[in-house]
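Undergrad: what shape does this take:
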Amino acid sequence: MSVLAAQVFHSFKEPSQGVSFYYENKLKKKGFDFIIGVDEAGRGPLAGPVVSAAVLLKKEKFNSRIDDSKKLTSLGREKAFLEIIKNSIFGISIVSEKTIDRVNILEATRLSMRQAVNSLIRKLHPSLKGIGRCIPVGLGAPKVKGIHVIVDGNMVLDLTLPYTAIIKGDTKSKTIAAASILAKVTRDRLMLKYDKIYPEYGFAKHKGYPTKEHRDILKKIGPSRIHRKSFKGV
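TA: Residues are numbered from 1 along each chain as shown. Just a heads-up that it's a prediction; the model follows:
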């Protein structure tokens, strides 16, 4: 765990409202050239995977609204998703319900976030050549100078990179908000595919979340292969 985790913004006054590049700009003033935002989707559902995304934005101005994915419509998320992937370096990790049942949802979420960051870093390596402070060291989860990760929530991650956890970060940081959109859209698309395989569960509607309708179906016909057997009510 990085000694900088959850400490970098101790002396910073948080923005009064709205999603912005406040944290990203503060970190750049501290000497970090690359700011990676991380968020997840799918901690609460009774079925399906947990998905995390890590995003390094190449620009600040977008035609689509970049905000907490929960505040956007499905169409708004899809439009933003397409624009983000065209204007970023990103990594996405999908951790299955089987892994969730084996290690618990918290550890599965941490795993997915770490894998998403590592996926992004592997893509980023070629662009680091010739940039003084950004020197890759080692393999797998390399330590790279000049990079800082900002993650939504109070997650403690096993990273070799400095990182900061920001409570409700998807409502404050545009980079984290972008990650939340990639994670949410990716997971929703997966659940739509599962809906075709298991149409009786209504995954297209509730995406696996514990709605009354979903719980009633479970009581009536029992769980499918993709349900999280370790979750209460499954």
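Undergrad: can you give me the end-to-end span of stretch 200-216?
TA: Chord length of stretch 200-216, first to last residue, is 12 Å (C-alpha to C-alpha, to the nearest Å).
Undergrad: work out the gap between that stretch and the centre of the chain.
TA: 23 Å (C-alpha atoms, centre = their mean, to the nearest Å).
Undergrad: before we move on, what about stretch 166-186?
TA: Stretch 166-186 has its C-alpha centroid displaced from the chain centroid by 7 Å (C-alpha atoms, centre = their mean).
Undergrad: Ala108 and Ala80, how far apart?
TA: Distance, Ala108 to Ala80, by C-beta to C-beta, to the nearest Å: 26 Å. Yep, even glycine has a C-beta here, placed from its N, CA and C like the rest.
Undergrad: ok, Lys168 next?
TA: Separation of Lys168 from Ala80 (C-beta to C-beta) stands at 19 Å.
Undergrad: got the residue ranges for the helices in this structure?
TA: 22-29, 74-86, 97-103, 105-128, 174-197, 203-206, 212-221 (DSSP state H).
Undergrad: what comes into contact with the shortest one?
TA: Under the contact criterion C-beta atoms under 8 Å, 6 or more residues apart in numbering, helix 203-206 has outside partners 47-48, 191-192, 194-195, 211, 213-214.
Undergrad: ok, those vs Gly146, which is closest?
TA: Closest approach between those and Gly146, by C-beta to C-beta: Gly48, at 36.1 Å.
Undergrad: in space, what's closest to that closest one - neighbours in sequence excluded?
TA: In this structure, Gly48 finds its nearest non-sequential neighbour in Gly208, 4.3 Å apart by C-beta to C-beta, 6 or more residues apart in numbering.
Undergrad: make sure the one you found is actually in contact with Arg43.
TA: No: Gly208 is not in contact with Arg43 according to C-beta atoms under 8 Å; the separation is 11.1 Å.
Undergrad: neighbour count for those two, which is higher?
TA: Gly208 (27 against 14; other C-beta atoms under 10 Å).
Undergrad: list the contacts of the residue nearest to Gly48.
TA: Shown in contact with Gly208 (C-beta under 8 Å, 6+ apart): 42, 45-48, 191, 194, 214, 226.
Undergrad: top of the residues you listed by neighbour count?
TA: Ranked by the number of neighbours (other C-beta under 10 Å), the contacts of Gly208 place Gly42 first, at 29 neighbours.
Undergrad: got a list of what the residue most central in space within the chain touches?
TA: Taking C-alpha atoms, centre = their mean as the criterion, Asp39 is the residue nearest the geometric centre of the chain, at 2.4 Å. The contact partners of Asp39, by C-beta under 8 Å, 6+ apart, come to 52-53, 151-152, 169-170, 176-177, 179-180, 183.
Undergrad: how about a markdown table for the residues you listed, with distance to Lys59 and neighbour count added?
TA: Listed next are those as a markdown table, based on distance: C-beta to C-beta, whole Å; neighbours: other C-beta atoms under 10 Å:
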| residue | distance to Lys59 | neighbour count |
| --- | --- | --- |
| Ser52 | 23 | 35 |
| Ala53 | 17 | 35 |
| Val151 | 22 | 29 |
| Asp152 | 21 | 26 |
| Gly169 | 20 | 26 |
| Asp170 | 19 | 27 |
| Ile176 | 16 | 29 |
| Ala177 | 14 | 27 |
| Ala179 | 16 | 37 |
| Ser180 | 18 | 32 |
| Ala183 | 20 | 30 |
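Undergrad: noted, bye for now.
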